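Trainee: here's my sequence, what's the structure:
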Amino acid sequence: MEVRRSTRVLARLNVLITSAAGSHNALTAVVNRNGALILCPVAYPVDTALQVRNMATGQSADSHVVWSGGPDNSGLFKLGIQLNEDRPEFWGVECAPPPPPAE
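Mentor: Numbering: from 1, shown residues only. From the prediction side, this is the model:
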C-alpha cells in the first residue's frame, strides 16, 4: 500500500514552469505539500529540473519531474512534479499531513 506524505487537494492554479529550454504557462490539477500534478504544453522527461512559480502568490520553488504522462483531452501533458524542499505553504491551499496508519 502506498503511503502519501500529505493529502492531495484538487486545485487549479496558474503556474509558470521554467527549464533550461525556456518557460511555459501551465496549470495544476492536484497539489500536495510535496508537489503537484500539472498540465503543461511540454512533455518534460522524468528527472528534468524545473522551477515552478505560483502566479497567485509570486513564490517560486525548485522542483523536478517524477512522472510524465501523455496528453489530456486538451492536448496538455500530465506531469508529476516534486518540490526539492519542504514548502507546505507554497500552493496557498491547506494540504494536511496524512492520518496515522490504522493499527
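
Trainee: how about Q51: what's its closest non-neighbour residue?
Mentor: T18 (4.4 Å; C-beta to C-beta, 6 or more residues apart in numbering). Placement of C-beta: from N, CA and C, glycine included.

Trainee: from the contact counts, what lies against the helix or strand hosting the one you found?
Mentor: Under DSSP states H and E, the secondary-structure element containing T18 is strand 14-19. Secondary structure elements in contact with strand 14-19, counted by 3 or more C-beta pairs under 8 Å, 6 or more residues apart in numbering; DSSP states H and E, are strand 22-32, strand 35-40, strand 49-54.

Trainee: show me what contacts the residue nearest to Q51?
Mentor: Listed by C-beta atoms under 8 Å, 6 or more residues apart in numbering, the contact partners of T18 are L50, Q51, V52, R53.

Trainee: again with D72
Mentor: If you count contacts by C-beta under 8 Å, 6+ apart, then D72 has L39, K78 around it.

Trainee: distance check, the one residue sitting closest to the centre of the chain against L83.
Mentor: Closest residue to the average C-alpha location of the chain: A36 at 2.3 Å, with C-alpha atoms, centre = their mean. A36 sits at a distance of 8 Å from L83 (criterion: C-beta to C-beta, to the nearest Å).

Trainee: identify the contacts common to the two.
Mentor: V52.

Trainee: kindly export stretch 36-52 (C-alpha atoms) in CSV.
Mentor: C-alpha atoms of stretch 36-52 as CSV (Å, rounded to 0.1, in the frame of the first residue of the first chain):
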residue,chain,number,x,y,z
ALA,A,36,1.7,18.6,-7.9
LEU,A,37,0.1,17.1,-11.0
ILE,A,38,0.4,19.8,-13.6
LEU,A,39,-0.9,20.2,-17.1
CYS,A,40,1.8,21.6,-19.4
PRO,A,41,2.2,22.2,-23.1
VAL,A,42,5.6,20.4,-23.0
ALA,A,43,6.2,16.7,-22.2
TYR,A,44,9.3,17.0,-20.0
PRO,A,45,11.0,13.7,-19.3
VAL,A,46,11.4,12.3,-15.7
ASP,A,47,14.2,13.9,-13.7
THR,A,48,14.0,17.2,-15.6
ALA,A,49,14.9,20.1,-13.3
LEU,A,50,12.2,22.7,-13.3
GLN,A,51,11.5,26.0,-11.5
VAL,A,52,7.8,26.4,-10.7
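
Trainee: right, I'll leave it there.
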